[in-house]
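Chemist: sequence and predicted model, in that order:
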Number of protein chains: 2
Amino acid sequence: MDKYVEISILLQIYGKLLTKKQLNVLDNYYNDNLSLSEIAENNNISRQGVRDLLKKGEDKLFEYEEKLEIMKKMKKNEQTIKTILAQLNKIGDNSSDKKVEKILNDIQKELRVLV
Amino acid sequence: MDKYVEISILLQIYGKLLTKKQLNVLDNYYNDNLSLSEIAENNNISRQGVRDLLKKGEDKLFEYEEKLEIMKKMKKNEQTIKTILAQLNKIGDNSSDKKVEKILNDIQKELRVLV
């Protein structure tokens, strides 16, 4: 997975465990796509200061993931849900019952709530 | 939910974020059901020391849950899965197709992997 995408996901999961400064800088960099210079200017810190906060925050995110593995589980769940959606389609192919079709639609909706 | 059950679940989710001492004492108390005296004796600390470690560890677990809400999401997912299982049963009731029956069984197995 692309490093930017990965850190953006980790930020969504574990961001609240970072310090406000770390969260702010990582959010600016990975979600708002601001440059180091822009973040430095906006926050009145040096570019090296931004770099340090980024590094520290990233390390923390990877450390949390290594311990809790929430992203790993989410990815596994996504895979399982894809499998289930494919199986539901097979039922649809094997049935022309309107009632069954309605239930299949309901299940698909429910599955999207998961993860 | 029962406090013991709740903390036992939180321990499974966030235990690795606690210190070794906190984790050990909470594990002894909530999973092995040892008494304060037994834990104190096994670890060569006072009962008050055990109490302090328990309190600190519990506070940490609740703090992590307040920030990350993993247990809350897991409970929601469990509810959704129950709903889906009930809907799958309805399809089973509306179908006598062997192929459909087989797919329904497969989906039920997949669903158990989730959460």
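Modeler: Arrived safely, thanks for sending. Values in this document were obtained by computation on a predicted structure and should not be read as measured data. Numbers count the residues shown, from 1 in each chain, chains lettered A, B, ... in the order given.

Chemist: using the three-state scheme, assign A:Leu34.
Modeler: Here A:Leu34 is coil, with the state taken from DSSP: H, G, I helix; E, B strand; the rest coil.

Chemist: go ahead and confirm it touches A:Ala40.
Modeler: No: the criterion here is Cβ atoms under 8 Å, and A:Leu34 misses it with A:Ala40 at 9.6 Å. No exception for glycine: its C-beta is placed from N, CA and C like everyone else's.

Chemist: contacts for the worst-scoring helix or strand of chain A on mean pLDDT, please.
Modeler: Lowest on mean pLDDT, DSSP states H and E among the helices and strands of chain A sits helix A:98-113, with a mean of 90. Residues from elsewhere that reach helix A:98-113 (Cβ atoms under 8 Å, 6 or more residues apart in numbering or on different chains): A:81, A:84-85, A:88, A:91-92, A:95, B:76, B:80, B:83-84, B:87-88, B:90-91, B:94-95.

Chemist: buried sites along it?
Modeler: For helix A:98-113, burial by neighbour count (16 or more other Cβ atoms under 10 Å in any protein chain shown) applies to A:Val100, A:Ile103, A:Leu104, A:Ile107, A:Gln108, A:Glu110, A:Leu111.

Chemist: could you do stretch A:69-84 as well?
Modeler: Those would be A:Ile70, A:Met71, A:Met74, A:Asn77, A:Thr80, A:Ile81, A:Ile84, for stretch A:69-84 by 16+ other Cβ under 10 Å.

Chemist: next one: stretch A:16-32
Modeler: Buried residues in stretch A:16-32 (16+ other Cβ under 10 Å): A:Leu17, A:Leu18, A:Gln22, A:Leu23, A:Asn24, A:Val25, A:Leu26, A:Asp27, A:Asn28, A:Tyr29, A:Tyr30.

Chemist: ok, now which ones touch the spatially closest residue to A:Glu58 that is not a sequence neighbour?
Modeler: Leaving out its chain neighbours, the residue that sits closest to A:Glu58 by Cβ to Cβ, 6 or more residues apart in numbering or on different chains is A:Ile7, at 6.2 Å. Neighbouring residues of A:Ile7 by Cβ under 8 Å, 6+ apart: A:Leu26, A:Tyr30, A:Glu58, A:Leu61.

Chemist: greatest separation within those: which pair is it?
Modeler: A:Tyr30 and A:Leu61 (9.9 Å; Cβ to Cβ).
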